[in-house]
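S.K.: Sequence and predicted structure below; questions after.
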Amino acid sequence: MQHEGEHQGDSASVHGGSVPGNPGVPAYSLTTIDPSPIPVVIAVPHAGRAYAKSLLDRMRHPAFAAPRLEDRYADLLGQAVSRQTGAALLVAHAPRAMLDLNRASDDVDWEMVGGPPADASAAPSGFGRRARSGLGLVPRRLPGLGELWKRRLDHSELAERIAAVHQPYHTALATTLETIRDRWGAALLIDLHSMPPLAARSPGERAPEFVVGDRFGASCDGGVVASAFGFFTEAARRVSHNRPYAGGYVLERHARRAEGLHCMQLEIDRTCYLDARMAEPGPASMPRSNCWWAWCADSQSTWPTLVVRPTAAAGALLPSRLRPN
């Protein structure tokens, strides 16, 4: 008999890439079950804590700055949900201070490296505004702290980080999504993040605990998003849609709705699962943040309406708007 939280099939964990300055430490870990029990991938790009000493030595106030850049312990949430549901789980170990996996590889503040390389494209990244705000591929500034680094980054260091961290992570994510899509006909990515507490929109209104982002409908089918909101409502959790977080580069790169690849970003208020200092996990509050695991587990029931490569029999059941071109 199979019990709740157990999943038939072979579980495997693989590691890839590397963290520059941390010999032997992989850039990411990927855990999957074969065959996949549900067509869901959870990715956690901002919870990496494998800080190289050389990275910390060049940071200003690393004890303050480094944790503020993290989605603190969001990987523990992803692990809990993956265990309960059998969803594939991709966790980055490289810290966001080193390289932000939710940015394009050319979303760079080139003043940090003394100007763009000679072979850099003349066309700016569509997400270049992030670099201008101080939170590009390599974060430069934080509100209340200012400049993060004591010296500029070398071009060779930036190239090493992209080759060792950014490229392997996104290759692994793309391959995993496509593998699960090929088995189920469609796949859902939940790009998991955490956020500081939001302000209430108006007096007397309580602030959202979760934000679901789908790039204003571009990255995920509306029915899947609606089902997520339905579960939050049933769990009496407060949730916002696309504001203030609609999703970034991960969704822009990996979502291809017409090919059955659907992506949403999920932000969780850190007070739902961390202690009062928002520094360490708070075990008593952890279940509050994971009410969405039930939706993740049940979401497989929505996938017959999302299959874009149906068999002849299933194809007759699909809404015409979701058929492949």
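M.R.: Perfect, I can see it now.
S.K.: C-alpha from now on. contacts and neighbour counts both.
M.R.: OK.
S.K.: remind me which residues of this protein are low pLDDT?
M.R.: For the chain, applying pLDDT under 70 flags the ranges 1-9, 118-132, 283-325.
S.K.: Find the residue at the geometric middle of it.
M.R.: With distances taken as CA atoms, centre = their mean, residue 191 lies nearest the centre of the chain, 2.9 Å away.
S.K.: Render the CA-only coordinates of the host helix or strand of that residue in CSV, please.
M.R.: Secondary structure assignment for residue 191, by DSSP states H and E: strand 187-195. Once non-C-alpha atoms are left out, strand 187-195 reads as follows in CSV (Å, rounded to 0.1, in the frame of the first residue of the first chain):
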residue,chain,number,x,y,z
ALA,A,187,4.2,20.8,-17.4
LEU,A,188,3.9,23.5,-14.8
LEU,A,189,6.9,25.3,-13.3
ILE,A,190,6.4,26.9,-9.9
ASP,A,191,9.3,29.4,-9.5
LEU,A,192,9.4,29.7,-5.7
HIS,A,193,10.5,32.8,-3.9
SER,A,194,9.9,34.6,-0.6
MET,A,195,9.3,38.2,0.2
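S.K.: Can we start the residue count at 24 from this point?
M.R.: In the new count, where the first residue is 24, that last one comes out as strand 210-218.
S.K.: counting contacts, what elements does the following helix or strand past it pack onto?
M.R.: Proceeding C-terminally, strand 210-218 gives way to strand 233-236 as the next helix or strand, assigned by DSSP H and E. In terms of contact count using 3 or more CA pairs under 8 Å, 6 or more residues apart in numbering; DSSP states H and E, strand 233-236 is assigned the packing partners strand 262-264, strand 284-292.
S.K.: how far out from the middle of the chain is the longest one?
M.R.: Spelled out, it's strand 284-292. For strand 284-292, the distance between its averaged C-alpha position and the chain's averaged C-alpha position is 7 Å (CA atoms, centre = their mean, to the nearest Å).
S.K.: Which positions in that strand come out as buried?
M.R.: For strand 284-292, the neighbour count (16 or more other CA atoms under 10 Å) marks 284, 285, 286, 287, 288, 289, 290, 291, 292 as buried.
S.K.: How about stretch 132-143?
M.R.: Of the residues in stretch 132-143, those buried by neighbour count under the rule 16+ other CA under 10 Å are 132, 133, 135, 136, 139.
S.K.: With respect to residue 40, which of the residues you listed is nearest?
M.R.: Among the buried residues of stretch 132-143, residue 136 lies closest to residue 40 (CA to CA), at 23.0 Å.
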